[in-house]
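Colleague: Sharing a sequence plus its predicted fold:
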Amino acid sequence: MNRNQHRDLLVLINNESKSRDAIDQEVEWLHDVLYHVEELENHCRAHEVIDLNRYKIYTQTGRVKKAVLRKDFKAFEFVCNKN
């Protein structure tokens, strides 16, 4: 899996007896987890757009995706995490 090997990760290991292969496997697992978390579709599912100009909250992934990918930001339009 070489989807995104250009990332800096700091992995702290408290067990000195881990082999290099076990550490490499752990880093690959972290890359896989981060790849799925960072996907645009998952990001848009976890966020919503609050438009204070129209007094609306948009939770549809398509609307959120348009707002995130837009180059010119609108005033008083916010992307918030649903948590």
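Modeller: Good, I have the coordinates.
Colleague: which one's the longest helix in this structure?
Modeller: helix 20-37 (DSSP state H).
Colleague: Lys65 versus the residue of the chain most remote from its centre, what's the distance?
Modeller: In terms of distance from the mean C-alpha position of the chain, Ser17 ranks first, at 32.3 Å (CA atoms, centre = their mean). Distance of Ser17 to Lys65, given as CB to CB, to the nearest Å: 46 Å. In this view, the C-beta of every residue, glycine as well, is placed from N, C-alpha and C.
Colleague: try Lys82
Modeller: 15 Å.
Colleague: Tell me the first helix or strand C-terminal of the longest helix of the chain.
Modeller: Sequence-wise, the next helix or strand downstream of helix 20-37 (DSSP states H and E) is helix 40-45.
Colleague: Relative to the whole chain's centre, how far out is that following helix?
Modeller: 7 Å (CA atoms, centre = their mean, to the nearest Å).
Colleague: CA atoms of that helix as PDB?
Modeller: Extracted as PDB, the C-alpha positions of helix 40-45 are listed here (Å, rounded to 0.1, in the frame of the first residue of the first chain):
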ATOM      1  CA  LEU A  40     -13.100  13.800   1.300                       C
ATOM      2  CA  GLU A  41     -16.300  11.800   1.400                       C
ATOM      3  CA  ASN A  42     -15.700  10.800   5.000                       C
ATOM      4  CA  HIS A  43     -14.700  14.400   5.900                       C
ATOM      5  CA  CYS A  44     -17.900  15.700   4.400                       C
ATOM      6  CA  ARG A  45     -20.000  13.100   6.200                       C
END
